[in-house]
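S.K.: build me a model from this:
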Amino acid sequence: MEEIVLHASDLGFVSLGFSDHAPSPYEAGFCLQPDKEAEYRRQFRQVREKYGDKIELYLGLERDALAPTFNPEGLDYFIGSVH
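M.R.: Next up is the predicted model:
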């Protein structure tokens, strides 16, 4: 995340959102695994704390309509999808 934030800042971005794909009810290699979500959120908070004065950062998740419920607490946005 830090590398992406630095590159976006160098390109003149004033804001940037991160949105991994939430866990899914079917096997999909692109989804965030439930046991990795806390680390995803922790890494984001660390980067926002370090660079938040240079660029606005937002945390999100893409959630499939068929996915199990998830905790939106701490998210700035989520993207709805149907696969």
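S.K.: can you count the residues close to Ile55?
M.R.: 17 (other CB atoms under 10 Å). Yep, even glycine has a C-beta here, placed from its N, CA and C like the rest.
S.K.: quick one: residues contacting it.
M.R.: 5, 8-9, 13-16 (CB atoms under 8 Å, 6 or more residues apart in numbering).
S.K.: can you show me the helices along this protein?
M.R.: Ranges of helices in the chain, per DSSP state H, are 2-10, 37-51.
S.K.: among those helices, which is the most enclosed?
M.R.: helix 37-51 (a mean of 15; mean count of other CB atoms under 10 Å).
S.K.: give me the most central residue, the protein.
M.R.: Ser19 (3.2 Å; CA atoms, centre = their mean).
S.K.: so who does Gly74 touch?
M.R.: 41, 59.
S.K.: if I look at it, how far off is Tyr58?
M.R.: 11 Å (CB to CB, to the nearest Å).
S.K.: same question for Glu73.
M.R.: 15 Å.
S.K.: the more surrounded of the two?
M.R.: Ranked by neighbour count (other CB under 10 Å), Glu73 and Tyr58 place Tyr58 first, with 14 against 6.
S.K.: and the pLDDT for the more buried one?
M.R.: pLDDT, Tyr58: 98.
S.K.: low-confidence bits of the chain, can you list those?
M.R.: Within the chain, the segments meeting pLDDT under 70 span 24-28, 68-70, 83.
S.K.: now with 50?
M.R.: Residues of the chain meeting the criterion pLDDT under 50: none.
S.K.: paired strands for the lengthiest strand in it, with orientation please.
M.R.: Longest strand in the chain, counting residues (DSSP state E): strand 56-64. Counting by DSSP bridges, the strands paired with strand 56-64 are strand 15-21 (parallel), strand 77-81 (parallel).
S.K.: understood, closing this out.
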